[in-house]
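Chemist: The following block contains a protein sequence and its predicted model.
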Amino acid sequence: MSYPGSVPVVLFRPGGRSADVKKGTLLIDAVRGAGLPIASPCGDDLICGRCGVRILSGRVTREAPIERRAKLRNRIDASLRLACAVRVHDDLEITADYWGDV
Ligand code: FES
């Protein structure tokens, strides 16, 4: 949990990289900023569903209907969140299946 005035920290598993990000940053930008790969063939437009990540800990906003529809349309695991839809407001710990130990 981040405190008022503090900067949220995103921890990337399993590699353990972390990034301090400005509140309100799109999660996909935090991933890119940390130098980790993330698929985004639609250009962050909530169409392709390829930017799914798993939130291991931390609070994120509820899923909006547009994100839910993108996941359904692309048969994305319902438990994943689309990184181009989530804004970082709190400390998070996340992973993606294809990160390995990066
Ligand atoms: S980058 Fe395409 S849905 Fe997120």
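Modeler: Sure, I can see it. As the structure is a prediction and not an experimental result, all values here were calculated from the model.
Chemist: can you confirm residue 71 is in a helix?
Modeler: Yes: with DSSP: H, G, I helix; E, B strand; the rest coil as the criterion, residue 71 is part of a helix.
Chemist: Pull the number of nearby residues for the closest residue to it other than its chain neighbours.
Modeler: Ranked by Cβ to Cβ, 6 or more residues apart in numbering and with sequence neighbours excluded, the top spatial neighbour of residue 71 is residue 49, at 5.5 Å. (Glycine included, C-beta is placed from N, CA and C.) Other residues lying near residue 49 total 23 when counted by other Cβ atoms under 10 Å.
Chemist: mind checking pLDDT for residue 97?
Modeler: Reading off the confidence values, residue 97 has pLDDT 88.
Chemist: I meant to write residue 100 there.
Modeler: Predicted confidence (pLDDT) for residue 100: 80.
Chemist: ok, so what distance separates it from the ligand?
Modeler: Counting by Cβ to the nearest ligand atom, to the nearest Å, the gap between residue 100 and the ligand amounts to 21 Å.
Chemist: Then residue 68 would be within a helix, right?
Modeler: Yes: Residue 68: assigned to a helix according to three-state DSSP.
Chemist: what about it, how many neighbours?
Modeler: 15.
Chemist: Quick check: it vs residue 59, distance?
Modeler: When distance is defined by Cβ to Cβ, to the nearest Å, residue 68 is 18 Å away from residue 59.
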